[in-house]
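Visitor: What follows is a predicted protein model with its sequence.
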Amino acid sequence: MIFDIITLFPEMFNGPFSISLIKKAVDKKLIQINLFNLRDFTSDKHKTVDDEPYGGGAGMVLKVEPIYRSIEFLKKADNPDRIILLSPQGEKFNNSTAKKLSKLSRIVLICGHYEGFDERIRNLVTDEISIGDFVLTGGELPAMILVDSISRFIPGVIKEQESHRKDSFEKDTLDYPSYTRPASFMGMNVPEVLLSGNHEKISRWRELKSIEKTLLRRPDLLKKQNFPFAKKEIYN
């Protein structure tokens, strides 16, 4: 998988992409991350990427020309599968979207900044994605989140592939509670079933606790499913 990231601040990515699993994935050539400075695609000596909005208003607006030139440059190199604009107005990103995108070969991520985009930029992209109902100073952090989340589904990035099936949101439920040593700490004890060695009971306990946690914290997720047996066991 190749990630082409168009940004005004490529130096922001140095830390997150130079450690942990993402760095290992890059070193193993499982993923490739290319950073492109939007200012390199401007045509004036000042490398101007923004301007005042027509009709007046606060802030500056990202110009369409540099974005267009950057996209055309990447298309000539190797036509990307998706060109994604990171924006709070986009479709909300989730686990399912990450999994779908992980099956592609090359995607472009465009990081916004300033007050917003020239509306015509939306005609140049295939997708518009938001990471939540809030506004950030730019699209760099959302781009990092997408790269991290998508990469986890690429074979070889995560050693324990079984962990995917146990992740929160993988089955529209939150993950079950996990514990490790010591078995007792300041009066807080690990549930006895996890110490029993009975794998069938442990599996059942984890399934029920996953549903219970989802019911308490994210009941909206359970609307997609029907768990009559689980609800009976939890409440009785």
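Guide: Perfect, I can see it now.

Visitor: you'd agree residue 35 is in a helix?
Guide: No - going by DSSP: H, G, I helix; E, B strand; the rest coil, the assignment for residue 35 is strand, not a helix.

Visitor: Count residues in the vicinity of residue 122, would you?
Guide: 14 (other C-beta atoms under 10 Å). (Glycine included, C-beta is placed from N, CA and C.)

Visitor: Would you mind measuring from residue 37 to residue 74?
Guide: Per C-beta to C-beta, to the nearest Å, residue 37 is found 13 Å from residue 74.

Visitor: pLDDT weak spots in the protein?
Guide: Applying pLDDT under 70 to the chain picks out residues 160-171, 224-236.

Visitor: The longest helix seen in it packs against which elements?
Guide: Criterion DSSP state H: the longest helix present in the chain is helix 199-217. Helix 199-217 sits against helix 192-195, helix 219-222, helix 228-235, with contacts defined as 3 or more C-beta pairs under 8 Å, 6 or more residues apart in numbering; DSSP states H and E.

Visitor: ok, now which ones touch the residue most central in space within the chain?
Guide: Geometric centre of the chain, nearest residue: residue 146, 3.1 Å, by C-alpha atoms, centre = their mean. Residue 146 sits next to 84, 86, 93, 98, 101, 109, 129, 131 when contact means C-beta atoms under 8 Å, 6 or more residues apart in numbering.

Visitor: now swap in residue 174 and tell me
Guide: Listed by C-beta under 8 Å, 6+ apart, the contact set of residue 174 reads 168, 210, 213, 214, 217, 218, 221.

Visitor: any idea which element it lies in?
Guide: Counting by DSSP states H and E, no helix or strand carries residue 174.

Visitor: Against residue 188, how distant is it?
Guide: From residue 174 to residue 188 the distance is 20 Å (C-beta to C-beta).

Visitor: same question, residue 116
Guide: Residue 116 is 48 Å from residue 188, by C-beta to C-beta.

Visitor: Have a look at the two and say which one is more surrounded.
Guide: Set residue 116 next to residue 188 and count neighbours by other C-beta under 10 Å: residue 116 wins out with 19 against 9.

Visitor: Name the nearest residue to that one, ignoring sequence neighbours.
Guide: residue 61 (5.7 Å; C-beta to C-beta, 6 or more residues apart in numbering).

Visitor: Any idea how many residues pack against the one you found?
Guide: So residue 61, with other C-beta under 10 Å, has 19 neighbours.

Visitor: Report the separation between it and residue 215.
Guide: Counting by C-beta to C-beta, the gap between residue 61 and residue 215 amounts to 44 Å.

Visitor: And the protein, what are its domain boundaries?
Guide: The chain is divided into the following domains under automatic domain parsing: 2-151, 168-235.

Visitor: right, so these: which one is the most enclosed?
Guide: With neighbours defined by mean count of other C-beta atoms under 10 Å, none of the domains of the chain is more surrounded on average than domain 2-151, at a mean of 16.

Visitor: what's stretch 113-133 in contact with?
Guide: Applying C-beta under 8 Å, 6+ apart, the contact partners of stretch 113-133 are 8-9, 50, 53, 57-64, 67-68, 71, 82-93, 97, 110, 137-139, 141-142, 145-146.

Visitor: Output it as CSV, nothing but the C-alphas.
Guide: Written as CSV, here are the backbone C-alpha positions of stretch 113-133 (Å, rounded to 0.1, in the frame of the first residue of the first chain):
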residue,chain,number,x,y,z
HIS,A,113,-5.4,24.1,6.5
TYR,A,114,-6.5,27.7,7.2
GLU,A,115,-10.3,28.5,7.1
GLY,A,116,-11.2,26.0,4.4
PHE,A,117,-11.0,24.9,0.8
ASP,A,118,-11.9,26.5,-2.4
GLU,A,119,-15.1,24.6,-3.1
ARG,A,120,-13.9,23.5,-6.6
ILE,A,121,-11.3,21.3,-4.9
ARG,A,122,-14.1,18.9,-4.1
ASN,A,123,-14.5,18.2,-7.8
LEU,A,124,-10.9,16.9,-8.0
VAL,A,125,-11.3,14.2,-5.4
THR,A,126,-13.0,10.8,-5.2
ASP,A,127,-13.8,10.8,-1.4
GLU,A,128,-14.1,13.2,1.5
ILE,A,129,-13.5,11.8,4.9
SER,A,130,-14.0,13.2,8.5
ILE,A,131,-12.6,11.6,11.7
GLY,A,132,-15.4,13.1,13.8
ASP,A,133,-17.7,16.0,14.5
